[in-house]
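Any chance you could fold what I've pasted below:
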Amino acid sequence: MIPICTIWLFLTCNRSLLSSAGFPSIFITLIITGLQIIHLMLDLEKKGYKIFPYFITIICITVLCAYNNATLATFNIIMSFILLKKTSLRLVVNTIFVSTLISFLLFFLFHGLGIMIDEVHRMPKGSAHTLGFGNTNSASMFFFVNILITAVFLIFHKKKYFVLLLFIPSLFIYRITLGRTNFYALCIFFIFIILFNIKYFQKHFRMIYILVPCLLFCVTILFNFIYLKYPILDKLFTTRFSKNSLHIQNMGLKGLILGYNLPKGEPMDSAYLAQLFAGGITSLLFFFSVYIKGMRRASESFIKNYIPFIFVILISGFAENTFSTYSGLSVLFYKLLSTQFFENFKRW
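Numbering: from 1, shown residues only. Sure thing, here's the model as predicted:
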């Protein structure tokens, strides 16, 4: 029998593609959430817990999600974190990678059937293709996510040096979509792959590694307040700060506690702010506590193999919605960190 986690992980990894192909994203999200709730109830029943009190919690969360739709992403991430606690890292990595392969097959199938149609956008930096995703940034993000997932699969199965070959498709996708942020992030990732093979980086700077997301969060907030004084910042990051600063100013106390409801259809190009807006302070505390706890107990082997992946997620999160959105990438991000402090995974 196929484990229930395999089903909702597969849907999670293919949600953006299916959405671009015309399947309602909210419908897919509700299926994923429903399967996660069923998974949780089955686990609780096996352990002999009374299920009824948990329904009250779910009702409260439903009300919160109705107030702010983005909160559902935080809910899905936390549910994944809990449900996969006793699932081997091998199963999670392999399932997400196979889902990625199927995602590529579906991508070519949808193009062959004419369901997804490529469009060319003329931009100051050149001609960019949407590849059927509606916009060039979504196309770039789709391949960015799948390239990183493939890299983690290769690293886990001790094929680390093959990861550098992924630079070729990364460059190819950049030339087609002109997605600069994702391409630069991948370049940083390949540089880190080389750097963290040096033992000096594996044995030192642990405290600095722990503070990286705190620093990036503070810089994100700071830039949103000083961009008027230094307009070059807003220009370099394509007006992200001038847009996001308005939302920060409008949050208020209720927004800090419950999250901030962004205007419909307006994207959030910062994982740190998206995390704050999606679930308020609670969402941020979850992120920082998992990261700090995982990094404090990280082995040298973990730092050598997976810190390049962790860092590229953190750094790209400065300008893109990476670990804060619910995807196969964020599931992998939190799963890798959790393997460092759950007792069940001392021999993963």
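
which secondary structure element contains the nearest residue to F286 once chain neighbours are set aside?
Nearest-residue entry for F286: I78, 6.4 Å, with adjacent residues in sequence omitted and distances by CB to CB, 6 or more residues apart in numbering. Where C-beta positions appear, they are placed from N, C-alpha and C, glycine not excepted. For I78, the host element (DSSP states H and E) is helix 71-83.

related to what we said a few turns ago, verify the contact between the residue nearest to F286 and L285 for me.
No. The pair I78 / L285 is not scored as a contact, 11.4 Å apart, by CB atoms under 8 Å.

between the two, who's got more neighbours?
Applying other CB atoms under 10 Å to I78 and L285 shows that I78 carries more neighbours, namely 19 against 12.

And the more buried one, what's its pLDDT?
Per-residue pLDDT puts I78 at 89.

so what's the spatially closest residue to L17 that is not a sequence neighbour up against?
Nearest non-adjacent residue to L17, counting by CB to CB, 6+ apart: S103, 5.5 Å away. Counting by CB atoms under 8 Å, 6 or more residues apart in numbering, S103 touches C13, N14, L17, N146.

Out of those residues, the closest to L171 would be?
Closest approach between those and L171, by CB to CB: N146, at 15.2 Å.

what's the helix or strand for that closest one?
Going by DSSP H and E, N146 is in helix 136-156.

Next secondary structure after that helix?
Note on helix 136-156: by DSSP H and E, the next helix or strand toward the C-terminus is helix 167-177.

Show me what that next one packs onto, helices and strands only.
Contact partners of helix 167-177 among helices and strands, from 3 or more CB pairs under 8 Å, 6 or more residues apart in numbering; DSSP states H and E: strand 126-129, helix 136-156, helix 180-195.

if we can go back for a sec, packing partners for the helix holding I78?
Packing partners of helix 71-83 (3+ CB pairs under 8 Å, 6+ apart): helix 4-20, helix 25-46, helix 52-67, helix 271-296, helix 328-338.

Helix or strand with the lowest mean pLDDT in the chain?
Sorting the helices and strands of the chain by mean pLDDT, DSSP states H and E puts helix 52-67 at the bottom, at a mean of 66.

Most tightly packed of the helices and strands packed on helix 167-177?
The highest mean neighbour count among the helices and strands packed on helix 167-177, using mean count of other CB atoms under 10 Å, belongs to helix 136-156: a mean of 22.

Distance from the chain centre to that one, please.
Between the centre of helix 136-156 and the centre of its chain there are 11 Å (CA atoms, centre = their mean, to the nearest Å).

by contact count, what packs against it?
Helices and strands touching helix 136-156, as assessed by 3+ CB pairs under 8 Å, 6+ apart, comprise helix 4-20, helix 89-112, strand 126-129, helix 167-177, helix 180-195, helix 300-316, helix 328-338.

Nearest to L83 among these would be which one?
Nearest to L83, of all the helices and strands packed on helix 136-156, is helix 4-20, at 6.2 Å by CB to CB.

Would you mark the buried spots in that closest one?
Buried residues in helix 4-20, counting neighbours by 16 or more other CB atoms under 10 Å, are found at 4-6, 8-20.

Could you verify that K264 is part of a helix?
No. Using DSSP: H, G, I helix; E, B strand; the rest coil, the secondary structure at K264 is coil, not a helix.

Can you check what pLDDT the model gives it?
70.

ok, now the one 10 residues further on?
On pLDDT, A274 comes in at 86.

OK, contacts around it?
For A274, the contacting residues are A70, M268, N321, S324, T325, by CB under 8 Å, 6+ apart.

what's the answer for V93, then?
Residues in contact with V93, defined by CB under 8 Å, 6+ apart, are V152, F153, F156, L332.

is it true that the third one touches R90?
Right, the one you point to is F156. Yes. Taking contacts as CB under 8 Å, F156 lies within contact range of R90: 7.3 Å.

Go through the helices and strands packed on helix 71-83 and pick out the most buried.
When neighbours are counted by mean count of other CB under 10 Å, the highest per-stretch mean among these falls to helix 328-338, a mean of 24.

Mind giving me the packing neighbours of that helix?
Partner elements for helix 328-338 (3+ CB pairs under 8 Å, 6+ apart): helix 4-20, helix 71-83, helix 89-112, helix 136-156, helix 271-296, helix 300-316.

Adding distance to F192, write these out as JSON lines.
Shown next, in JSON lines, are those (distance: least, CB to CB, whole Å):
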{"stretch": "helix 4-20", "distance to F192": "24"}
{"stretch": "helix 71-83", "distance to F192": "24"}
{"stretch": "helix 89-112", "distance to F192": "19"}
{"stretch": "helix 136-156", "distance to F192": "11"}
{"stretch": "helix 271-296", "distance to F192": "15"}
{"stretch": "helix 300-316", "distance to F192": "4"}
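
now stretch 29-42: mean pLDDT?
pLDDT averaged over stretch 29-42 gives 88.

Good, we can wrap up now.
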